[in-house]
Structure formats: C-alpha cells, structure tokens
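1. what's the 3D shape of this:
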Amino acid sequence: MNQNLYLKNIPKVLAINATWMFVLVMPIVVPFLKSHQLGMQAVYELQAFFAICVVLLEIPSGYLSDLVGRKQTLVFAGAFIGIGIGLLAIGDSYWWFMVFELTLAIAGSLISGSDIALIYDSLDGTEMQHEQEKEIVGKNIFYSQMAEALAALAGGALAFSSLQLPVQVNAVTGWLPFIIALTLQEPPRKKMSRKEHGENFRHVYAILFRGSKLMRFTILGLVFSGTSTLIGVWAFQGYWEAENVPIYYFGYLWALFNFAVASTARAATFLNRYFGRIIMLWLIALLPVAGYFGMSVLGGIFGILAGLLLNITRGLATVLLRDDLNQMVEGDIRATANSVTNLGVRLNFALMGPLVGAVIDSSGYSLTFAFLAALFAVLLLLIFLPLLRMAKSETNPKMKG
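-> Predicted structure coming up:
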C-alpha cells in the first residue's frame, strides 16, 4: 500500500492529542482540589503519585506500542481517558483522587510515545523533507496547547457557576480520543521480536545509552527542560492565588499560558532557521532559570508574566529536541525512546514535587522559586553546555550505523 495513504493518520493523531488536552478542570484544578480540603502538599503528592505511576508504566507502555502497534495502544489509552475523567467527576476525597491519578497515568503512559511514533511512522517512506516533519511536530504541540487554552477559557467560565461543572462536562468530552483512535490505520514498519524480550531491551539500551553521545545529551536535555516546566505548571495556580488573582481570571491566565506554548511550538522551526540552533539551545537552557527568578523577585503581574518563560521553553524543547531524538532512532524502538524521556521527567517530578509543595506550604513561593532557579541553573547548564559543544560540531544528528 502507498505509504502516502498513512498520512491520514497525522490529523487524527493531532485530534487525539487536542481532545486529550481539552481538560476543562485544568484552569481551576488546584482550587478544585482545595475545595475538597487538600493543601498544596497534598496537591503535589497527588501529582507525585501520578508521576510514580507513569515511571512504572512508561517504558512497558512504549515497549507495548513498539511490539503490538500504535493503534491498539492509542485505543486503550482513549478508553482509560474516558474512564478516568468519569472517576474525577464523582470523586470527593484524597484517596478517590489517587484512583483517578492512577487511571490517567495509565492513559497518559499509553499515549506517551505512541502518538509521536505514529506520526513519524506515517511519514517514513514519504517525500516529506526534514523541516516539514519538524513543522508537523510543531503543529501537534500547537493544536494540543490551543485545545488546552480553549478548555481553560471554557472551564474558567463554567467554574464561575460551580467548581464541579467543568468536571461534569469533561466526563462527556473525555471519550473523544477513544472514538478517534478507532479510525487509525497501522503503518507498516520494522518491529522487534515478540519472543526475544531480553534481547529487545539490550538492543534499546545499546542504542539509547551506549551509542551516540549526542543522543544521550539530547535525552537529558528533554528530561531536565521537561522537569523544570512541569514543576512550574503545578505551582502556577497556587502562586496566582497568593498574588490575590480572582479565580474568575484563572481561565484567561491558563489560556494565555497555553497559548504561549502553542505559539512557540508553531514558530519553533522558523526560529531555529532564523536564529540558529546554538541560540535556541541557550534559550531552552536559560529561560526556565529566568522564569523562576522572575516569579521569585518580581511578584504581581510581572511575576505572573515571568512564568510564561517556562512555557516558552516547553514549546521550544518539545519541538526541537524531540524532533532530534526521533530523527536519530529507527521505527522499531521509537515509542520506547520517547517513553524513556517522559519517564525521566516523571521520575524527577515524583522525587522533587512533594518537597517543592512542602517548601511552598512552609516558606512561601518566593523562597521556593529562588531555590528552583538556582537548582536548574546548575542542572541545565551541566547538560546544555556539552550539548552546545556537540551542536557546533555535528552537522547531521541522524543516527548512523
């Protein structure tokens, strides 16, 4: 069958991610949890539990996708999304929300890696140029974040009537990813053996961690830029509350922050061509540090706007570094490779999140953000300085041999 026929998968994958990100409760999720008598430490504990579940499931789910197929994996993911949001709509306690987090972790792990892998699998064998492929990755982030931005506006408006109403509406829209996934077609690709699991894992380990040094530092760059932005995401709403922003405006702010990710991701390919990879890598490394520092020392509207720097980083790194990784690996381990980076982010969050929440509860946002600025200044520069040196010498990131 003509490989170009599988290009029809791409808008469907974009639609799955967009509907998955259309979470009406997100702009008010922290106030929603607080309405059930949970503090910031409990909020971060829930997210740490989610992260731990993802850590345990990320590699198996990516490996499953590489073995049995992208479509089957995404269909199961869609089913767990619908079930999970339904559980949130009827939940009313800390432990009930734990069950919700587990269900969403299963869904997120199944989608993670499979969506990007299906995009690149569908592009393999076509006449698409590398820059066009990168633009499709940018579109994937753009539509996902625009969906979350629209959900923020709608969720914020619904929350003005009731904090429960956005969740109830989401219990219906949450089944859209499942419906769309049923229409996907599995592209032909090279597959690992379903019997030699030990050999398969040795193959994955050798390529990702014992092969190209550029690949290893690209993975680390994705992990630590992802960690810096994810921790910020779960601090934003509490920070806005501390800055006395009325909850009515949370939807607008959440939409603005997601629009920052969407627009940056959409423009990432152009910015990379115009400014060059060295400048873009410096931005990915330094913007999170500037964002946390700005939120720490400025406060008010300027402190809130400083948080946008974290989301700009997210848009740039998710397109540029993620594309580098997917260009380096072959189709037989592509989902697993993407899952490895997501696992790293979630593992870091699981370790750091509860500590960050506890420091916020005890010492406030200013001190916490100052600590995070210093921490990521050290970690990101340790990773990005070698990556910058390699970017100056490498002319083609594609894995050879």
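2. check contacts around residue 239.
-> By Cβ atoms under 8 Å, 6 or more residues apart in numbering, the contact set of residue 239 is 295, 303, 304, 307, 365. (Each C-beta comes from the backbone N, C-alpha and C, glycine too.)
3. Narrow those residues to those in helices?
-> With helices taken from DSSP state H, the overlap with these comprises 295, 303, 304, 365.
4. Check the gap between the third one and residue 30 for me.
-> Relative to residue 30, residue 304 is positioned 15 Å away (criterion: Cβ to Cβ, to the nearest Å).
5. Same list (the ones in helices among the contacts of residue 239) but as CSV, adding distance to residue 51 and pLDDT.
-> Shown next, in CSV, are the ones in helices among the contacts of residue 239 (distance: Cβ to Cβ, whole Å; pLDDT from 0 to 100):
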residue, distance to residue 51, pLDDT
295, 22, 94
303, 26, 91
304, 25, 92
365, 21, 91
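6. Let's see if you can find the most crowded of those.
-> residue 295 (29 neighbours; other Cβ atoms under 10 Å).
7. can the ones in helices among the contacts of residue 239 go into JSON lines with extra columns for distance to residue 113?
-> Listed next are the ones in helices among the contacts of residue 239 as JSON lines, based on distance: Cβ to Cβ, whole Å:
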{"residue": "295", "distance to residue 113": "31"}
{"residue": "303", "distance to residue 113": "35"}
{"residue": "304", "distance to residue 113": "33"}
{"residue": "365", "distance to residue 113": "33"}
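8. Which members of these are the farthest-apart pair?
-> 304 and 365 (11.2 Å; Cβ to Cβ).
9. Quickly list what's touching both of these two.
-> With Cβ under 8 Å, 6+ apart, residue 304 and residue 365 have common neighbours 239, 295.
10. so who does the closest residue to residue 264 other than its chain neighbours touch?
-> Of all residues not flanking residue 264 in the chain, residue 315 sits nearest, at 2.9 Å (Cβ to Cβ, 6 or more residues apart in numbering). The neighbourhood of residue 315, defined by Cβ under 8 Å, 6+ apart, consists of 141, 145, 260, 261, 262, 263, 264, 265, 266, 268.
11. Residue 369 now?
-> So residue 369 contacts 235, 292, 293, 295, 296 (Cβ under 8 Å, 6+ apart).
12. Return the item of those residues having minimum pLDDT.
-> Within the set of the contacts of residue 369, pLDDT is lowest for residue 235 (88).
13. these two touch, right, it and residue 359?
-> No - Residue 235 is not in contact with residue 359 according to Cβ atoms under 8 Å; the separation is 10.5 Å.
14. Would you mind listing where the protein has pLDDT under the threshold?
-> 1-5, 125-134, 189-211, 330-335, 392-401 (pLDDT under 70).
15. Looking at the contacts of residue 239, which is nearest residue 176?
-> For the contacts of residue 239, the nearest to residue 176 is residue 307 (29.3 Å; Cβ to Cβ).
16. Quick check: phi and psi on the closest one?
-> phi -60, psi -20 (degrees, to the nearest 10).
17. contacting residues for it?
-> So residue 307 contacts 232, 236, 239, 257, 291, 294, 295 (Cβ under 8 Å, 6+ apart).
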